[in-house]
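*Asks:* Provided below for reference: sequence and predicted model.
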Amino acid sequence: MKTIIEPFKIKTVEPIRFTTRTEREHILSEAGHNLFNVHADDVLIDLLTDSGTSAMSAKQWAGIMEGDESYAGSKSFYRFEKIVKEITGFKHIIPTHQGRAAEKIIFSILGGEGRIVPNNTHFDTTRANVEMSGATAEDLPVAEGAIPSLVADFKGNMDLAALETLIKEKGKENIPICMLTVTNNSNGGQPVSMENIRKTSELCRTNGIPFFLDACRFAENAYFIKLREPGYGTKSVREIANEMFSYADGCTMSGKKDGLVNIGGFLAVNDDDLAQQARNILVVTEGFPTYGGLAGHDMEAIAQGFEEVLDEHYLKYRIRSVSFLGEKLGALGVPIIQPPGGHAIYLDARASLPHIPPQEFPGQALACEIYLQGGIRSCEIGSVMFGKTDPASGAFLPAKLELVRLAIPRRVYTQSHIDYVAECIGEVFKKRDQLGGMRIVSEPPVLRHFTARFEPIKSKQYHP
Ligand code: F0G
C-alpha cells in the first residue's frame, strides 16, 4: 500500500516556538498546572482541541474577501444556507457564532425543570446548557464504549435498550428532545453506525420525541460508516451524510470542527414553530436571522468548508493521520482508547498511571508531563472535567474514564510533527512510575477544567 499523503500543499506557514524544559516548568507553574492557562505562544504542538484550529484553504480565504456584510439578506447567507440544506436536508438554517450558541437556543426552548435530555454522550457545553435550563442530561452510551482497550467498529453508539427503558420509566412527555453526538467526542471520538442512528430515530418517532444530531463531526462519522458498515462501501460520503441527517428532525452544529473554519455554527430544524421560537431568541442574543452570530465572511468560509470536508481524499488522509498516531503509540505500549477515533487519540491515564488515584487526577498529571517533555498541549478528559463531589456525603465521585485527549487540528500538522508527538509521549510513558498526582488549589462553580488551578502532590515528576 502506498503512503497516504496530505492532499494539499502548503502556501502559508506560521512559525512555532521552541522552549526548554526549564522554561516550560516555569510556564506551567505560572499557569497553575492548567494547560488552558498557558499562552499558545509557549506551546510547540497544540493538540488541546480540533475546534476552530483548522487551516483554511485558499478558496476559503478568498471567500473571506467575497463576504457580503449586509445586515439583512446577505448573499453569503444564501450561499451558506444552500449548501447546508443540500447536505442536511433541514428546512430552517439558523446561523450562530458557534455550536454552544445553537445548544443554548434549543435548550432554552425545549429544556426546563423536570425534563430529561438523553444523548449517547453529552459534550461538556451541551450538558452545561441542558443543566442551565433546569433539565437533566442523561448519557446512554453502549457498554462497549466504556472499555478502552476493546476494538469495535461503532463504540460511539447509543444504548437503545437503555433509551427505551428511560422513555418508559420517565415518560415520553418529560423527554422534549433526544440527541445523538456524531462522532461521540466525550467517549473517545468513536463513530455511531447508520443502523444506530436509524433505530434511535425510530424509537424517538414512535414516542413523538424530536430527534437531533449534534453534528460537529458528521463528515468524519460518515467516512467511518463508509469504511466499516456493510452496504455503505460504494456510497459517496455525501450520500451517507444525507442519509444520516434524513433520520433527524434537526441538528446543532459547530462549524469549528467539520466546517473547517475558525468560528461559526448553526441550528437546523424542520419544525416551523420551533424555528420561529429559535429565531426570536437568535435576534435578541446572536443577531438578525440572515447572519445570527456571524459576519458575512464567516458564512462564506463555512459554505466552502462544507464543500471541502466531504472530499474523500481529505477524509481518507484525515482518518488515516489520526490512526497513524494511534498505531505509533500502540507500538510503544502506551494504552489508548481503541480503535483510534476520528479527530483525536485518547490516552488512557488510568491504565498508564495506576498508582495515581482518580482524586489525584492522573489525566491532569499526564497532560502536564507531556507538556514538560515536549511542549505539546493536550487536554484532560477525566475527573477534572467530569468528577464531582457528592453534596450529601462530600465523597469524591470520579469520572468513568481518566483520559488525555490529543486532538488533531485539521490540515495543520505534518507527519513529522506527529512522529515527534509519539516520541515525546513514549518518553513520558517510560518514566510513568515517577509521576505523581495533582491537587486542586482553586476552582470555579461550573466547567472547572477551563480555569481551575492545581499543584503537584509530589514534586518528583518535575525534576526527573
Ligand atoms: N458538541 C460537541 C460534540 C463538541 O465537541 C463541541 C465542542 C460542541 C458541541 C460545542 O461547540 O465549541 O463550537 O461551541 N468541542 C470542542 C472540543 C470545544 O474541544 O472538543 P462549540
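*Replies:* Good, I have the coordinates. Numbering: from 1, shown residues only.
*Asks:* give the phi and psi angles for the residue of the stretch 1-150 of the chain found nearest the ligand, as a check.
*Replies:* Across the stretch 1-150 of the chain, the shortest distance to the ligand (Cβ to the nearest ligand atom) belongs to Gly99, at 2.6 Å. For the C-beta atoms, the positions are set from N, CA and C on the backbone; glycine is no exception. Reported as degrees, to the nearest 10, the phi and psi values for Gly99 are phi -60, psi -40.
*Asks:* got it, and Glu81?
*Replies:* Backbone geometry at Glu81, expressed as degrees, to the nearest 10, gives phi -60, psi -40.
*Asks:* surely the residue of the stretch 1-150 of the chain closest to the ligand and Thr125 touch.
*Replies:* Yes - with contact defined as Cβ atoms under 8 Å, Gly99 counts as touching Thr125 (7.1 Å).
*Asks:* more neighbours: those two, which one.
*Replies:* A side-by-side neighbour count of Gly99 and Thr125, using other Cβ atoms under 10 Å, places Gly99 first with 27 against 17.
*Asks:* coming back round to it: the closest residue to the residue of the stretch 1-150 of the chain closest to the ligand other than its chain neighbours and Glu423, how far apart?
*Replies:* Of all residues not flanking Gly99 in the chain, Ser254 sits nearest, at 2.9 Å (Cβ to Cβ, 6 or more residues apart in numbering). According to Cβ to Cβ, to the nearest Å, Ser254 and Glu423 sit 32 Å apart.
*Asks:* what do you get for Gly89?
*Replies:* Counting by Cβ to Cβ, the gap from Gly89 to Glu423 is 45 Å.
*Asks:* also Glu23?
*Replies:* On the measure of Cβ to Cβ, Glu23 and Glu423 end up 20 Å apart.
*Asks:* and the closest residue to the ligand within the stretch 201-350 of the chain, what does it touch?
*Replies:* Proximity of the stretch 201-350 of the chain to the ligand (Cβ to the nearest ligand atom) peaks at Ser254, 3.1 Å away. Contact analysis of Ser254 by Cβ atoms under 8 Å, 6 or more residues apart in numbering lists Ser51, Gln98, Gly99, Arg100, Ala102, Cys216, Gly265.
*Asks:* what's the answer for Val182, then?
*Replies:* Gly156, Pro191, Val192, Ile197, Leu213, Asp214, Ala215, Cys216, Arg217, Phe218, Asn221, Met244.
*Asks:* repeat that for Pro456.
*Replies:* Counting by Cβ under 8 Å, 6+ apart, Pro456 touches His33, Ala365, Cys368, Gly436, Gly437, Met438, Arg439, Tyr462.
*Asks:* what residues does the stretch 201-350 of the chain have near the ligand?
*Replies:* Asp214, Cys216, Ser254, Lys256, Gly265 (Cβ under 6 Å from any ligand atom).
*Asks:* and the fourth one, helix, strand or coil?
*Replies:* For Lys256, the secondary structure call by DSSP: H, G, I helix; E, B strand; the rest coil comes out as coil.
*Asks:* which residues touch it?
*Replies:* With Cβ under 8 Å, 6+ apart, Lys256 has these contacts: Ser51, Gly52, Thr53, Ser54, Gln98, Gly99, Cys216, Asn262, Ile263, Gly264, Gly265.
*Asks:* and the helix or strand Ala422 falls within, what's buried?
*Replies:* Take DSSP states H and E as the rule and Ala422 turns out to sit in helix 415-430. For helix 415-430, a neighbour-count test (16 or more other Cβ atoms under 10 Å) marks His417, Ile418, Tyr420, Val421, Ala422, Cys424, Ile425, Gly426, Val428, Phe429 as buried.
*Asks:* state the distance from the fifth one to Glu66.
*Replies:* Think Ala422. 40 Å.
*Asks:* returning to that earlier point: per-residue pLDDT, the residue of the stretch 201-350 of the chain closest to the ligand?
*Replies:* The score at Ser254 is 98. That number is its pLDDT.
*Asks:* next: Lys460.
*Replies:* 49.
*Asks:* low pLDDT regions in the chain?
*Replies:* Applying pLDDT under 70 to the chain picks out residues 458-464.
*Asks:* 80 instead, please
*Replies:* 1, 446, 458-464 (pLDDT under 80).
*Asks:* spatially central residue for it, please.
*Replies:* For the chain, the residue nearest the mean C-alpha position is Asn185 (4.4 Å; Cα atoms, centre = their mean).
*Asks:* wait, it touches Ala215, no?
*Replies:* No - Asn185 sits out of contact with Ala215 when judged by Cβ under 8 Å, with a separation of 11.7 Å.
*Asks:* Gln356: how many residues sit nearby?
*Replies:* No, residue 356 isn't Gln; it's Ile. Residues near Ile356, counting by other Cβ under 10 Å, number 24.
*Asks:* need the contact list for Lys17.
*Replies:* Actually, residue 17 is Arg rather than Lys. Asp41, Asp42, Val43, Leu44.
*Asks:* angle of the top helix by length along the chain against helix 415-430?
*Replies:* Counting residues, the longest helix in the chain under DSSP state H turns out to be helix 312-331. Helix 312-331 runs at 20 degrees relative to helix 415-430, counting by axes from the mean of the first three to the mean of the last three Cα atoms, to 10 degrees.
*Asks:* list the contacts of helix 312-331.
*Replies:* Outside helix 312-331, the residues that touch it by Cβ under 8 Å, 6+ apart are 4-7, 219-220, 223-224, 227, 236-237, 308-309, 336, 338-345, 347, 406, 408, 410-411, 415, 418-419, 421-422, 425-426.
*Asks:* next, the buried residues of that helix.
*Replies:* In helix 312-331, counting by 16+ other Cβ under 10 Å, buried: 314-319, 321-330.
*Asks:* quick check: what element follows it along the chain?
*Replies:* Under the assignment DSSP H and E, the closest C-terminal helix or strand after helix 312-331 is strand 344-348.
*Asks:* list the buried residues for the helix or strand harbouring Ala275?
*Replies:* Element membership of Ala275, judged by DSSP H and E, is helix 272-285. Buried residues in helix 272-285, counted by 16+ other Cβ under 10 Å: Leu274, Ala275, Gln277, Ala278, Arg279, Ile281, Leu282.
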